[in-house]
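Trainee: kindly return the folded structure for what I paste below:
(one chain, ligands or ions: 1)
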Amino acid sequence: MARQLRGGFASRLGFILAAAGSAIGLGNIWKFPYITGENGGGAFLVIYLVTVFVIGFSIMMAELAIGRAAERNPVGAFSRLKGGAWVGVGYMGVLTGVIILSFYSVVGGWTIAYALKAISGQLAGGDAAALGGTFGGFIGDTAEPLVYHAIFMTLTCVVVGVGIGGGIERAAKVLMPLLLFLIVVLIVQVLSLPGAEAGISFFFSPDFSKVNGDTFIAAVGHAFFSLSLGMGTMLTYGSYLSRKVWLPTAAATVTVLDTLIAILAGMIILPAVFAFGIDPGAGPGLTFITLPAIFNQMPGGDWVAFAFFILLAVAALTSAVSLLEVVVAYFVDEKQVLRTRATMAAGVIIFLLGIPSSLSFGLLSDTTFFGTMTFFDVMDYLSSNILLPVGGILVAIFAAWIAWPRIIEEASGWEKSTFPLAGLWRIVLGVVAPVAVLLVLYHGL
Ligand code: TRP
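Mentor: Sure, this is the predicted structure:
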């Protein structure tokens, strides 16, 4: 009954694409290449992959199982399955969603702006240095990025307002495959550039002498961010998932797709960085500078650029939707607020919180915290490198030690299938993940 009232995914494929749509976003195409660049390349990749497949996959299954067992948003799920202080994990998730979306929407706005700049010829002809100037000028401006932040946030609200089956599922089904196709085209293009091989070896030959505590914290934080874990996004999506779907394959599919797209994005951006002589540690601008430089070398580059940035905006949108959905589901389930109203109110608050993040590249660029971090950096670091890992550990402990019988029943499936790796999974959730993540957090802070 609750399932009918709350709506749900119409099919297994629809769920996979929506969950993959949540996971695949700016994290893969914008953030992953530049933090790989900042953290020395191949060695970071290795640490990231191990974290994703051991810890990330396990926690994704745990979130899906908790969500489907409770059929609730994170707050409702923890209070239904256990109650007490565990409900705090749910509240923390809702808050983390607000924080992440506030700066995510700023960058989402950049992608829309860049699609329009591409089609109006404003990116044409420039080399990497000129494009760096264009990008710096754009994000440093006060009003323009805020307008696009508002547009991006409005689009997110429209999709979430329409509800789960109608908006999210349909958009993800068509556009994600298209993005994958364009990425492959771009890899072929990039690898033909002179000097591109240096980027490939930077990316794929690990140099472990570059590894330190920061490398681990970046890898762990990004594994959670990229897989949309640690704040109840997957938990909430799991709550809309039919019991016919076997969780291990669903979680594995989403994990593999997400990682594949990140690696492919790295195979575009990093070789281009070397071919164009850009510093791989250049930070958040990397994608927005290298991609237009690649497009400028292609026939019909403006159109390819336009298509790419539109698809990137859509990928960002399906992720943003999943962030906002957690917040809205909380108000709809727990406070009986109308979906449209909850969406609008949350949208306005998140937009306002995003303003200082947007200004961090201009007006507020000299307003720093903890040394050299801008407001944007603080929001990003706090959510990705602290709140998500802490949330993830708590989810893991909850699944392994507090609600295990219910969780393993949910993960094994309802149609008499079993999960052969149940014992191993429980050890990872109950021991390996908490210990590893705590160690990394401890050293990082
Ligand atoms: N995973 C998305 C990306 O890589 C961002 C995202 C969506 C997210 N939902 C989330 C990050 C929940 C952390 C938690 O772009």
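
Trainee: now the nearest residue to residue 290 once chain neighbours are set aside, what's its secondary structure?
Mentor: Distance criterion CB to CB, 6 or more residues apart in numbering; nearest residue to residue 290, sequence neighbours excluded, is residue 272 at 4.1 Å. C-betas here are computed from N, CA, C, even on glycine. Three-state assignment for residue 272 (DSSP: H, G, I helix; E, B strand; the rest coil): helix.

Trainee: low-confidence ranges, the stretch 151-300 of the chain, go.
Mentor: Flagging of the stretch 151-300 of the chain using pLDDT under 70 yields the residue ranges 163-172.

Trainee: which residues of it fall in helices?
Mentor: For the stretch 151-300 of the chain, applying DSSP state H, counting those that start in this stretch gives helices covering 170-191, 196-204, 213-226, 233-239, 247-275, 286-295.

Trainee: got it, and the stretch 1-150 of the chain?
Mentor: Counting by DSSP H, counting those that start in this stretch, the helices of the stretch 1-150 of the chain are 2-6, 12-23, 26, 32-38, 42-50, 57-70, 74-81, 87-119, 128-140, 143-162.

Trainee: let's have those in CSV, adding distance to the ligand.
Mentor: Converted to CSV, the helices of the stretch 1-150 of the chain look like this (distance: least, CB to the nearest ligand atom, whole Å):
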stretch, distance to the ligand
helix 2-6, 19
helix 12-23, 5
helix 26, 4
helix 32-38, 8
helix 42-50, 13
helix 57-70, 10
helix 74-81, 11
helix 87-119, 5
helix 128-140, 18
helix 143-162, 11
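
Trainee: name the next helix or strand downstream of the lengthiest helix in the chain, please.
Mentor: When the chain is scanned for its longest helix (criterion: DSSP state H), the result is helix 301-335. Counting by DSSP states H and E, the next helix or strand C-terminal to helix 301-335 is helix 339-359.

Trainee: could you dump that following helix to PDB, C-alpha only?
Mentor: Extracted as PDB, the C-alpha positions of helix 339-359 are listed here (Å, rounded to 0.1, in the frame of the first residue of the first chain):
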ATOM      1  CA  ARG A 339       5.600  17.100  -3.000                       C
ATOM      2  CA  THR A 340       5.400  20.300  -5.000                       C
ATOM      3  CA  ARG A 341       5.600  22.500  -1.900                       C
ATOM      4  CA  ALA A 342       8.500  20.600  -0.400                       C
ATOM      5  CA  THR A 343      10.300  20.800  -3.700                       C
ATOM      6  CA  MET A 344       9.900  24.500  -4.000                       C
ATOM      7  CA  ALA A 345      10.900  25.300  -0.500                       C
ATOM      8  CA  ALA A 346      13.900  23.100  -0.500                       C
ATOM      9  CA  GLY A 347      14.900  24.500  -4.000                       C
ATOM     10  CA  VAL A 348      14.900  28.100  -2.800                       C
ATOM     11  CA  ILE A 349      16.900  27.300   0.400                       C
ATOM     12  CA  ILE A 350      19.500  25.300  -1.600                       C
ATOM     13  CA  PHE A 351      19.800  28.000  -4.200                       C
ATOM     14  CA  LEU A 352      20.500  30.600  -1.500                       C
ATOM     15  CA  LEU A 353      23.100  28.400   0.200                       C
ATOM     16  CA  GLY A 354      24.800  28.000  -3.200                       C
ATOM     17  CA  ILE A 355      25.300  31.700  -3.700                       C
ATOM     18  CA  PRO A 356      28.500  32.000  -1.600                       C
ATOM     19  CA  SER A 357      29.900  28.900  -3.400                       C
ATOM     20  CA  SER A 358      29.300  30.600  -6.700                       C
ATOM     21  CA  LEU A 359      30.900  33.800  -5.600                       C
END
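
Trainee: now do the buried residues in it.
Mentor: The neighbour-count check on helix 339-359 (16 or more other CB atoms under 10 Å) flags 339, 342-344, 346-347, 350-351, 353-359 as buried.

Trainee: stretch 232-245 too?
Mentor: Neighbour-count burial for stretch 232-245, with 16+ other CB under 10 Å as criterion, is recorded at 232, 233, 234, 235, 236, 237, 238, 239, 240, 241, 245.

Trainee: just the CA trace of it, in CSV.
Mentor: Output of stretch 232-245 as CSV, limited to C-alpha atoms (Å, rounded to 0.1, in the frame of the first residue of the first chain):
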residue,chain,number,x,y,z
GLY,A,232,20.9,8.0,1.8
THR,A,233,20.5,8.6,-1.9
MET,A,234,20.7,5.0,-2.8
LEU,A,235,18.7,4.2,0.3
THR,A,236,15.9,6.4,-1.0
TYR,A,237,16.1,4.9,-4.5
GLY,A,238,16.1,1.5,-3.0
SER,A,239,12.9,2.4,-1.2
TYR,A,240,11.2,2.7,-4.6
LEU,A,241,12.6,-0.6,-5.9
SER,A,242,10.5,-3.7,-6.5
ARG,A,243,11.2,-6.8,-4.5
LYS,A,244,11.7,-8.7,-7.7
VAL,A,245,15.0,-7.2,-8.3
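
Trainee: hmm, that stretch in reach of the ligand?
Mentor: Yes: counting by CB under 6 Å from any ligand atom, the ligand has neighbours in stretch 232-245: residue 233.

Trainee: in this protein, what residue is nearest the ligand?
Mentor: residue 27 (2.1 Å; CB to the nearest ligand atom).

Trainee: any idea how far apart the tips of stretch 410-429 sit?
Mentor: Stretch 410-429 has its terminal residues 15 Å apart, counting by CA to CA, to the nearest Å.

Trainee: now do that stretch, average pLDDT.
Mentor: The pLDDT scores in stretch 410-429 average 86.

Trainee: would you mark the buried spots in it?
Mentor: Within stretch 410-429, the residues scored as buried using 16+ other CB under 10 Å are 410, 411, 412, 413, 419, 425, 426, 428, 429.
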